[in-house]
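Undergrad: fold the following and give me the result.
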Amino acid sequence: MNDTMTQSTAHPIWPHTGAILAGGQSRRMGQPKEGVILADGRPMIAHVLAALQAVCKQVVVIGASRGFQVPAGVLHLPDLHPGDGPLAGLESLLAGGLDDRYLLAGCDQPLLTPDLLRRLTGRGSAGICLFHTGNAEDFFPFPGIYPAGLLPEVQAALAGGQRSMKRLLERVGVTHLPLAAEAASALRSFNTPDDLAQLHPASESHEIIG
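TA: Model (predicted):
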């Protein structure tokens, strides 16, 4: 048996779509977050893309992705409402009709790993599934499993002027997957230059590719 077959048997591909939100304004970062180059020479979004590609049958990038040229073989959907936040990005994804379930992450979560994502895809829940540490103050909307059937709720929220992911999820209900508090750092989003300094003190965060 060759290495590819061995890997496939050990970690079967989730037969649904992975997705990355990359349409934010990145005001706190001062430049498009997705294109920020980390210490290993790769842009931040490339780390997220690699983790999702190891798990999902296909991956789509949602939004303008101003700092990163979406590579061939990766789908790209525009935001239906640019600048309206992650809830609008979720609407764009669900309205795209690519699949009935999605594993959604942010472009600013470079610490995500395939093993962590497989915990979500292996859950088998038909609804929304997110990580939770048990701390009531924690809120991790990404990465998460989101079904296409959530679209009417998302559209209604946006039509009513609501852009809060937290409020939407509190209303529709979520299956929570326990995650040890010490492992929650892997879910962290990096939104500012100070955040990047904590990720790697020597990281050069000013180079953009695209």
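
Undergrad: who does the nearest residue to R123 once chain neighbours are set aside bridge with?
TA: Of all residues not flanking R123 in the chain, C129 sits nearest, at 5.1 Å (Cβ to Cβ, 6 or more residues apart in numbering). Every C-beta, even on glycine, is put in place using the N, C-alpha and C of the backbone. Here C129 sits in beta bridges with I145, T175, going by DSSP bridges.

Undergrad: C129: neighbour count?
TA: Using other Cβ atoms under 10 Å, C129 has 22 neighbouring residues.

Undergrad: start at 595 instead
TA: Happy to do that; since the first residue is 595 now, the last one works out to C723.

Undergrad: all helices for this protein, in order.
TA: For the chain, the helices defined by DSSP state H occupy 597-604, 638-647, 680-689, 708-715, 745-753, 759-766, 787-793.

Undergrad: would JSON lines of these with mean neighbour count be doable?
TA: Listed next are the helices of the chain as JSON lines, based on neighbours: other Cβ atoms under 10 Å:
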{"stretch": "helix 597-604", "mean neighbour count": "9"}
{"stretch": "helix 638-647", "mean neighbour count": "23"}
{"stretch": "helix 680-689", "mean neighbour count": "22"}
{"stretch": "helix 708-715", "mean neighbour count": "18"}
{"stretch": "helix 745-753", "mean neighbour count": "15"}
{"stretch": "helix 759-766", "mean neighbour count": "14"}
{"stretch": "helix 787-793", "mean neighbour count": "15"}
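
Undergrad: mind listing what the residue nearest in space to the middle of the chain touches?
TA: Centre of the chain computed as the mean C-alpha position; nearest residue by Cα atoms, centre = their mean is A699, 0.7 Å away. Listed by Cβ atoms under 8 Å, 6 or more residues apart in numbering, the contact set of A699 reads 612-615, 642, 645-646, 706, 711, 736-737.

Undergrad: what's the spacing between it and H726?
TA: From A699 across to H726, the span is 16 Å (Cβ to Cβ, to the nearest Å).

Undergrad: next one: G617
TA: When G617 is compared with H726 (using Cβ to Cβ), they lie 26 Å apart.

Undergrad: who has more neighbours, the two?
TA: G617 (28 against 16).

Undergrad: for the more buried one, which non-adjacent residue is spatially closest?
TA: G657 (2.0 Å).

Undergrad: that neighbour against P626, yeah?
TA: No. Taking Cβ atoms under 8 Å as the definition, G657 is not a contact partner of P626, at 10.1 Å.
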